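Student: My questions concern the predicted model and sequence given below.
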Amino acid sequence: MFEESWIMGLAGGLLIGSGAAVLLLMNGRIAGVSGILGGLIDEPSGSRTMERLAFMAGLAGVPFLYAILAGTPAINVTGSLPVLLTGGLLVGLGARTASGCTSGHGVCGLSRFSPRSIVSMAVAVSVGVAVVALSRNLLAWG
């Protein structure tokens, strides 16, 4: 039903940006996924629990809706399970250490010219480039 092309990337970017803008304009909150999920874990019965649950349900539910409408895309995972798990844990640790993830700092923070977000994303991208270079060239993982 949907064509695999740059149009899907554009539509996805517009939806992410629109969703972040709506949350900021309507609630005054940043659409940072790690902060919203962390809030559910830190304050499971807080005043914003339903808002956080709705956000996470939408985040998890939309891929299923897409799969129903457009089919499941072909996915080819080439990394080993230990490498994938280690990478996921390091991303989570980095998001907690940086007080936010790429959705909070990269989408919302950079668009507001937040100095903390600019530094956070510069560090995240630099470390990502270094890890890929090391893993591909020195460790032959890719």
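Tutor: Right, received. Where do you want to start?

Student: domain ranges for the protein?
Tutor: Using automatic domain parsing, the domain parsing of the chain gives 1-75, 78-142.

Student: and those, which is most packed in?
Tutor: For the domains of the chain, the largest average neighbour count (mean count of other C-beta atoms under 10 Å) is found in domain 78-142, namely a mean of 14. Glycine gets a C-beta too; all of them are placed from N, C-alpha and C.

Student: could you give the mean pLDDT of it?
Tutor: For domain 78-142, the mean pLDDT works out to 84.

Student: How far off centre is it?
Tutor: Domain 78-142 sits 10 Å away from the centroid of its parent chain (C-alpha atoms, centre = their mean, to the nearest Å).

Student: got it, and stretch 30-46?
Tutor: Distance of stretch 30-46 from the chain centroid (C-alpha atoms, centre = their mean) equals 14 Å.

Student: Then stretch 17-29?
Tutor: Its chain's C-alpha centre and that of stretch 17-29 lie 16 Å apart, by C-alpha atoms, centre = their mean.

Student: could you give the mean pLDDT of it?
Tutor: On average, the pLDDT along stretch 17-29 is 86.
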